[in-house]
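Student: Need coordinates for the following:
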Amino acid sequence: MTDPGFTQPSLQFATAGNVGSQSRDQCQFCHQPIGTNYYRVNDAMACPSCVENKRKERAQDAPAAYVRGLAAGVGAALVGMIGYALIAIILQGWVISLMSVGVGLLVATAMIRASKGVGGRRYQIAAVLLTYAAVSTAAIPIWVYFANQHRAQQTEQQKLEAEQRQLERESGQEQQERSHENGDSVASIGAWIGKAALLGLASPFLKLQGDPYWGAMGLLILFFGMRVAWRIAAGHPFEVYGPFDNAPKPSR
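Tutor: Next up, the predicted model:
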């Protein structure tokens, strides 16, 4: 014979389950109860009002988000270039090419964080170009460093002879060139920077001439770094599904 006292706990358990189900049916953005219809923003349940607000926010913030992401990417590329050059100077080995992957990760991550998760094709293109520019132009400070090291190894006699020849030239042309000194120096610096930038951007391919094997390895690793930047810069998806019916099913 069934004891009627066992029926009450089962009713309480069913009631608790219904309460828990209702507490879960709320918008993940405004935390208000879901009405008769709801959407899915990626995996999150959202009410129609929040979905509309999210769409408007992303549309309005699109230009500003890209500017923030691009600025952060440029800064990260500069940091990556300096870090790449320092490691290249310290290690002086082909293993530094692995830093290309780190530079791509750094640039793309900085862009996505600055844009608050917004990504897309233009972010991917910018991230790839910045990664290539950072890695390739890192050759410029490396060249400057080792050029200075090479000059430091010259004999004292060679330095004295060079200084003497320079003084002789300057003594004969000082009066004529003094008025043009500032303009010529600025022009020469600008020309040097432009030439160095072009050589730096071409440096991954110039290495193929000196050492085809390691040059090809460096290009391959650089490609992987750019591939990493491309994937990360795709950003977090913003996909809306729905609407779905949240009305309770009629009991039979």
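
Student: so how far is G120 from the nearest residue to F238 once chain neighbours are set aside?
Tutor: Spatial nearest neighbour of F238, chain neighbours left out: R58 (6.3 Å); criterion: CB to CB, 6 or more residues apart in numbering. No exception for glycine: its C-beta is placed from N, CA and C like everyone else's. Computed with CB to CB, to the nearest Å, the distance linking R58 and G120 is 11 Å.

Student: same thing with N37?
Tutor: Relative to G120, and taking CB to CB, N37 is found at 29 Å.

Student: of the two, who's got more company?
Tutor: Between N37 and G120, counted using other CB atoms under 10 Å, G120 has the larger neighbour count: 16 against 13.

Student: hmm, back to that, doesn't E239 make contact with the residue nearest to F238?
Tutor: No. R58 is not in contact with E239 according to CB atoms under 8 Å; the separation is 11.9 Å.

Student: quick one: which of the two has more around it?
Tutor: Between R58 and E239, counting by other CB under 10 Å, R58 is the more crowded of the two (14 against 8).

Student: Can you classify the more buried one as helix, strand or coil?
Tutor: What DSSP: H, G, I helix; E, B strand; the rest coil gives for R58 is helix.

Student: leaving aside the residues next to it on the chain, what's closest to L201?
Tutor: Nearest non-adjacent residue to L201 (CB to CB, 6+ apart): S136, at 5.0 Å.

Student: what pLDDT does that neighbour get?
Tutor: pLDDT, the model's per-residue confidence, is 91 for S136.

Student: With the one 4 residues further on instead?
Tutor: If you check I140, the pLDDT there is 87.

Student: how close does it get to L130?
Tutor: Look at I140 and L130: by CB to CB, they are 16 Å apart.

Student: now swap in A76 and tell me
Tutor: 8 Å.

Student: For the two, work out which one has more neighbours and name it.
Tutor: Neighbour comparison, A76 and L130: the larger count goes to L130, with 29 against 24 (by other CB under 10 Å).

Student: which residues in the stretch 1-150 of the chain form strands?
Tutor: Here the stretch 1-150 of the chain has its strands, by DSSP state E, counting those that start in this stretch, at 37-41, 44-46.

Student: Strand partners (parallel or antiparallel) of the first one?
Tutor: Pointing back at strand 37-41 there. Its sheet considered, strand 37-41 pairs with strand 44-46 (antiparallel), strand 240-245 (antiparallel) by DSSP bridges.

Student: If I average pLDDT within each of those strands, which one is lowest?
Tutor: Mean pLDDT values for those show the minimum at strand 240-245, a mean of 82.

Student: How about residues contacting it?
Tutor: Contact partners of strand 240-245, identified using CB atoms under 8 Å, 6 or more residues apart in numbering, comprise 36-41, 48, 51, 55.

Student: rerun at 7 Å
Tutor: 36-41, 48, 51 (CB atoms under 7 Å, 6 or more residues apart in numbering).

Student: do the same with stretch 32-51
Tutor: For stretch 32-51, the external contacting residues (CB under 7 Å, 6+ apart) are 25-30, 54, 237, 239-247.

Student: do stretch 111-120 as well
Tutor: Taking CB under 7 Å, 6+ apart as the rule, stretch 111-120 contacts 58, 65-66, 68-69, 71-73, 123, 127, 232-236.

Student: ok, now with 10 Å
Tutor: 57-58, 61-62, 64-77, 108, 123-124, 126-127, 130, 229, 231-238 (CB atoms under 10 Å, 6 or more residues apart in numbering).

Student: just the buried members of those?
Tutor: Buried members of the contacts of stretch 111-120, counted by 16 or more other CB atoms under 10 Å: 65-66, 68-70, 72-77, 108, 123-124, 126-127, 130, 229, 232-233, 235.
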